[in-house]
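[1] for reference, the sequence and a predicted model appear below.
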Amino acid sequence: MVPVVYQAYPGGPQQVYYVPAQGVHAQGGGGFLEGIRAKIRDLASTDKLEGFSLSQTFSETFKHHGPDAVDDYAMVGSSRTTPPIEMVETGWPRPWMFFRQLAIFVAAFVALYAVYKFTGNQDMIPPILFMGAFAVPIAVLVFMFEMNTPRNVSVVLLAKLFVMGGVVAICTASLEYMVPVAGNVPGIVEESAKLFAVLLVVRGTRYKYELNGILFGCAVGAGFACFETSAYGLNAFLPTFVQGLQQVTTATQVQQVFTSALSSMVDNLIIRGVTAPFLHVVWTAIAAGAFWRVKGARPASLGMLVDSRFLKAYLIPVAMHTLWDASILFPNLSTIVNLCLWIGTGLTSWYVLFGLIQQGLQQVKSEQQTQLQSTLVNVEATLGLGAKRYAMQPQGPAGA
C-alpha cells in the first residue's frame, strides 16, 4: 500500500492508502444473499463494496457546518474553482448538505400546509404542491453532488440538467407513450427517455469521470421525478375537487371541498416523497453512470449503447422500474407483494449505485496516482535525480 498525503476539498489534510486493484476480490462470502449480490455485481460489472459504512458516510450529517463550508461546497465546477486532481478526496465522501436542503423543504411544506389549515387561504395550494414534489428528489440530487469528489460540475450545469433534462425526458416519454404497446413497458420507455435527455444536454468530453455521469443522470432523474410527482399531486387534487363541487350548495361547503382535495393531494405527495429516493433519481444515475464508464473522455457515440459494460448495467434500472410498476401489468397483485417488490427494487438499485460510485472513486484514485507519479518523474528529471538514483543503489558483497 502506498500512503499519499493530500488536502481534502473541503477539509483538512488526510492520508489515503491505495490498495492494489487485484485485492478487491480477495474476500469471499457465502450464503444465499451473497450469491444474489454477486450476480448483481456481475451484471453491473462492479466490485464488492470495500471500506463502505453507512455510519461513516453519514457521520457529518448532523454536525454543525458554517456558511463558509456551504460556500465551498456550492462554488465549484468552473475553471477557477475546480480543485486539481492531487487535492481531490479519494475515500468515501461524507455528505451533509443534502440533509439541510431536505430539512428546509420539509419545514416549508409543513409551514405552508399549517397556514392553509389555519387561514383557509387557497393561494397556499400551488406552493404546497411545489414543495412537496421537489423536496426529496432535490435532496437526493444534492447528495450525489456531494458524492462527486472531483468537484468539477457546477450548480449552474446541474440546474440546466434538472430543468432542461427533466423537460426533455418527460416530453420524450410522452411521445413514446403514443405508441399503444408502450404503456405496458414503462421501464423501457421512461429509462430510455431520461438517458436520451442526459446525452442530449451534456455533450463533449470535458466531463470524463464516471462520478460525473452518475451526477448527470441523477439531475435529469430528479427533474423528471419532480415534474411527474407534480402531475400526480394535481391528479389527486382535481378529481376530488370536481366531484365535491357537484354536491355543494353553500360557500362553506366549497371550502370543505378544497380542504378535502388538498388533503388527498398532500397524502399523495407524502407517499411519492417517501419513495422518491428509490425511483427515477437512482435509476437514471445508474444508467448514466454505466454509460460514462464506457464513454470516459471520448465523445458519445451510438456504438457505446451496445457495449456490454453499459448494456448489462442499463438493464438493471429497466428491470427495477418494471418490477416497481408490476401492478400495471398485474393489477391483482396484493399490497404485500407490491411492498416486497418496492423494498427489493429499492435496495437493489442503491446497492448497484454504490458499486458504481466505488468504481468512480477508484477511477479518480487511479488518475490521481498517475498524476502524482508523473509529477515525481518531472521533479526528478528537473533536479537530475533520475540518473543519480541508479548510482546510489547499494552494492552487493564482493564476489556475490
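    Right, received. Where do you want to start?

[2] near Ala236, how many other residues are there?
    The local packing of Ala236 (other CB atoms under 10 Å) involves 22 other residues. C-beta here means a position set from N, CA and C on the backbone, and glycine is covered the same way.

[3] ugh, wrong one, I meant Pro180
    Using other CB under 10 Å, Pro180 is surrounded by 7 other residues.

[4] list the buried residues for stretch 38-58?
    Residues of stretch 38-58 classed as buried by neighbour count (16 or more other CB atoms under 10 Å): 41, 44-46, 48.

[5] what helices or strands is the helix ranked longest in the chain leaning on?
    Counting by DSSP state H, the longest helix found in the chain is helix 335-383. Packing partners of helix 335-383 (3 or more CB pairs under 8 Å, 6 or more residues apart in numbering; DSSP states H and E): strand 2-7, strand 13-18, helix 32-44, helix 210-245, helix 280-295, helix 308-324, helix 326-329, helix 385-391.

[6] show me which pair in the buried residues of stretch 38-58 is furthest apart.
    Ser45 and Lys48 (12.6 Å; CB to CB).

[7] closest to Val181 out of the buried residues of stretch 38-58?
    The closest of those, once distances to Val181 are taken by CB to CB, is Ala44, at 28.0 Å.

[8] surely the closest one and Ser349 touch.
    No: between Ala44 and Ser349 there is no contact under CB atoms under 8 Å: 10.5 Å.

[9] overlap in contacts of these two?
    286, 316 (CB atoms under 8 Å, 6 or more residues apart in numbering).

[10] gap between the residue sitting nearest the centre point of the chain and Met178?
    In the chain, the residue lying closest to the centroid (CA atoms, centre = their mean) is Cys218, at 4.1 Å. For Cys218, the distance to Met178 equals 28 Å [CB to CB, to the nearest Å].

[11] verify the contact between Glu60 and Arg94 for me.
    Yes: if you go by CB under 8 Å, Glu60 and Arg94 touch, sitting 4.3 Å apart.

[12] ok, Ala111 - how many residues close by?
    Neighbours around Ala111, by other CB under 10 Å: 14.

[13] model confidence for it, exactly?
    Note for Ala111: predicted pLDDT of 96.

[14] and it, what helix or strand is that in?
    Applying DSSP states H and E as the criterion places Ala111 in helix 97-119.

[15] output the contacting helices and strands for that helix.
    Helix 97-119 sits against helix 67-74, helix 125-147, helix 251-275, with contacts defined as 3+ CB pairs under 8 Å, 6+ apart.

[16] relative to helix 97-119, how tilted is the first one?
    An angle of 110 degrees separates the directions of helix 67-74 and helix 97-119 when computed by axes from the mean of the first three to the mean of the last three CA atoms, to 10 degrees.

[17] and helix 67-74, which residues are buried?
    Within helix 67-74, the residues that count as buried by 16+ other CB under 10 Å are 72-73.

[18] do me a favour and average the pLDDT over it.
    83.

[19] again with stretch 243-258
    Stretch 243-258 shows a mean pLDDT of 81.

[20] which outside residues touch that stretch?
    With contact meaning CB under 8 Å, 6+ apart, stretch 243-258 is reached by 120, 122, 125, 240-241, 260-261.

[21] what about that stretch, start to end distance?
    This stretch, stretch 243-258, spans 11 Å end to end (CA to CA, to the nearest Å).

[22] so what's the residue lying closest to Gly166 once chain neighbours are set aside up against?
    Leaving aside its sequence neighbours, Gly166 sits nearest to Gly223 (CB to CB, 6 or more residues apart in numbering; 2.1 Å). Neighbouring residues of Gly223 by CB under 8 Å, 6+ apart: 137, 161-163, 165-167, 169.

[23] could you measure from the residue nearest to the centre of the chain over to Thr252?
    Cys218 is 46 Å from Thr252, where distance means CB to CB.

[24] what do you get for Ala288?
    52 Å.

[25] okay, these two: which has more neighbours?
    Neighbours were counted for Ala288 and for Thr252 using other CB under 10 Å; Ala288 has more, 32 against 9.

[26] mind checking pLDDT for the more buried one?
    pLDDT at Ala288 comes out at 97.

[27] thought it was touching Ala197?
    No: judged on CB under 8 Å, Ala288 makes no contact with Ala197 at a distance of 9.7 Å.

[28] hey, what's in contact with both of these two?
    Listed as contacting both Ala288 and Ala197 by CB under 8 Å, 6+ apart are Val220.

[29] just the buried residues of stretch 38-58 now: which is nearest Gly303?
    When the buried residues of stretch 38-58 are compared for distance to Gly303 (CB to CB), Ser45 comes out closest, at 17.4 Å.

[30] enumerate every residue touching that closest one.
    Listed by CB under 8 Å, 6+ apart, the contact set of Ser45 reads 290, 293, 309, 312-313.

[31] ok, now Thr205?
    Residues in contact with Thr205 (CB under 8 Å, 6+ apart) are 297-299.
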